[in-house]
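A.B. asks: following is a predicted model, sequence given first.
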Amino acid sequence: GGRVEFGTDAGFFLDQRDNRALVGNMAAGASVLNAFSFSGGFSVYAARGGATDVTSLDLSKFALASAERNYSLNTQVVQADAFKWLAESQNVYDIVILDPPALAKRKADTSQALQAYRKLASSGAKLTGKGGILISASCSAHIKADDFFDM
């Protein structure tokens, strides 16, 4: 078998394949922020789709090194805590992607996770330019779709 050196989270989920393609189709001429970018899947599609600028934001140095290997044109990487960076940034983007890791790993975490998703959505909206697109995702099994969309 293979040897895992840096953790077990692949960070590249097949269920996001259609969403990455959608971002690629919308990205022509756009500036794009990919928060919680991990290996840069959304970033690759955005750059390939003709984005003028792509920023990949993640706390993991390992993930960003992987992301840098995945693309090179019109992209930059930022190693920072996404919650803090999003709250403090004054940048404005045409497309903002918020695809954090699971924030509710247990049912008991649901309320706290919904607060975190609200904070992310608020920060992301602030960075989304007029007429821009904010994409927010949750991979937390304990967060019901209705609760997520009602935030």
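C.D. replies: All right, it came through fine.
A.B. asks: is it true that Ser140 lies in a helix?
C.D. replies: No. Applying DSSP: H, G, I helix; E, B strand; the rest coil, one finds Ser140 to be coil, outside a helix.
A.B. asks: what sits against it?
C.D. replies: Residues near Ser140 by CB atoms under 8 Å, 6 or more residues apart in numbering: Ala102, Leu103, Ala104, Lys105, Asp109, Ala113. From N, CA and C alone the C-beta is placed, and that goes for glycine too.
A.B. asks: select from the residues you listed the one having the most neighbours.
C.D. replies: Ala113 (22 neighbours; other CB atoms under 10 Å).
A.B. asks: for this structure, what's the longest strand?
C.D. replies: strand 128-136 (DSSP state E).
A.B. asks: which strand residues bridge Val32?
C.D. replies: Val54, Ile95 (DSSP bridges).
A.B. asks: my guess is it contacts Ser56, does it?
C.D. replies: No. Contact criterion CB atoms under 8 Å: Val32 and Ser56 do not qualify, at 9.1 Å.
A.B. asks: joint contacts of those two?
C.D. replies: By CB under 8 Å, 6+ apart, the residues touching both Val32 and Ser56 are Ser43.
A.B. asks: need the strands for this structure, in chain order.
C.D. replies: Under DSSP E, the chain gives strands at 31-35, 53-58, 75-79, 93-98, 128-136.
A.B. asks: would a markdown table of those strands with mean pLDDT and mean neighbour count be doable?
C.D. replies: Formatted as a markdown table, these follow (pLDDT from 0 to 100; neighbours: other CB atoms under 10 Å):
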| stretch | mean pLDDT | mean neighbour count |
| --- | --- | --- |
| strand 31-35 | 95 | 28 |
| strand 53-58 | 91 | 25 |
| strand 75-79 | 80 | 17 |
| strand 93-98 | 96 | 24 |
| strand 128-136 | 94 | 15 |
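A.B. asks: hang on, the earlier thing: note down every partner strand of the longest strand of the chain and its orientation.
C.D. replies: Applying DSSP bridges, one finds strand 128-136 paired with strand 93-98 (parallel).
A.B. asks: and Val23, what does it touch?
C.D. replies: Val32, Phe42, Tyr45, Ala46, Gly49, Ile95, Ile97, Ile135 are the contacts of Val23 under CB under 8 Å, 6+ apart.
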